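In: The sequence and its predicted three-dimensional model are supplied below.
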Amino acid sequence: MAYLSKNLSVLAYSNGFTLWHYTTPDTATTVDTSGYFNAASDMVRVGDMILANTDTGASIATGVFVVASNTASVVDVANLTQMNSTNTD
């Protein structure tokens, strides 16, 4: 698949920082490919965080992407910092 703007939403905004949420059936490695968020280059800024649910059609991965660069409308996010979703109770 590819980036879908309808799946990116603002959770919070303050002092020039935005916390986003994004959900997609794409894998985390696909999403963290440079250029994936190019269509959102006019909205996301370096340092913004994107809480994400990736690979929603298979084995979901949940975590945070950080916008690492946004230069000449090319957006790159750092690799997903995955959050543990295992419950041992």
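Out: In hand now; what should we look at? Numbers count the residues shown, from 1 in each chain.

In: where along the protein do the strands fall?
Out: In the chain, the segments counted as strands under DSSP state E are 8-14, 17-23, 49-54, 61-71, 74-77, 81-82.

In: how about the first one: buried residues?
Out: Put plainly, it is strand 8-14. Residues Leu8 are the ones in strand 8-14 that count as buried (16 or more other C-beta atoms under 10 Å). No exception for glycine: its C-beta is placed from N, CA and C like everyone else's.

In: could you give the angle of that strand to strand 17-23?
Out: For strand 8-14 against strand 17-23, the angle between stretch directions is 160 degrees (axes from the mean of the first three to the mean of the last three C-alpha atoms, to 10 degrees).

In: tell me the angle strand 8-14 makes with strand 49-54.
Out: Inter-element angle recorded for strand 8-14 and strand 49-54: 150 degrees (by the same axes, to 10 degrees).

In: Adjacent strands (with direction) for strand 8-14?
Out: Strand pairing for strand 8-14, determined by DSSP bridges: strand 17-23 (antiparallel).

In: just the shortest one next, same as before
Out: Paired strands of strand 81-82, with direction, are strand 61-71 (antiparallel) (DSSP bridges).

In: Just give the closest residue to Tyr13, not the sequence neighbours.
Out: In this structure, Tyr13 finds its nearest non-sequential neighbour in Leu19, 7.5 Å apart by C-beta to C-beta, 6 or more residues apart in numbering.

In: count of neighbours near the one you found?
Out: Applying other C-beta atoms under 10 Å, we find 14 residues neighbouring Leu19.

In: Run through the residues that contact the nearest residue to Phe37 once chain neighbours are set aside.
Out: Sequence neighbours aside, Val75 is the residue nearest to Phe37 in space, at 4.1 Å (criterion: C-beta to C-beta, 6+ apart). Each residue near Val75 by C-beta atoms under 8 Å, 6 or more residues apart in numbering is listed here: Ser34, Gly35, Tyr36, Phe37, Asn38, Ala40, Ser41, Val44, Val67, Ser69.
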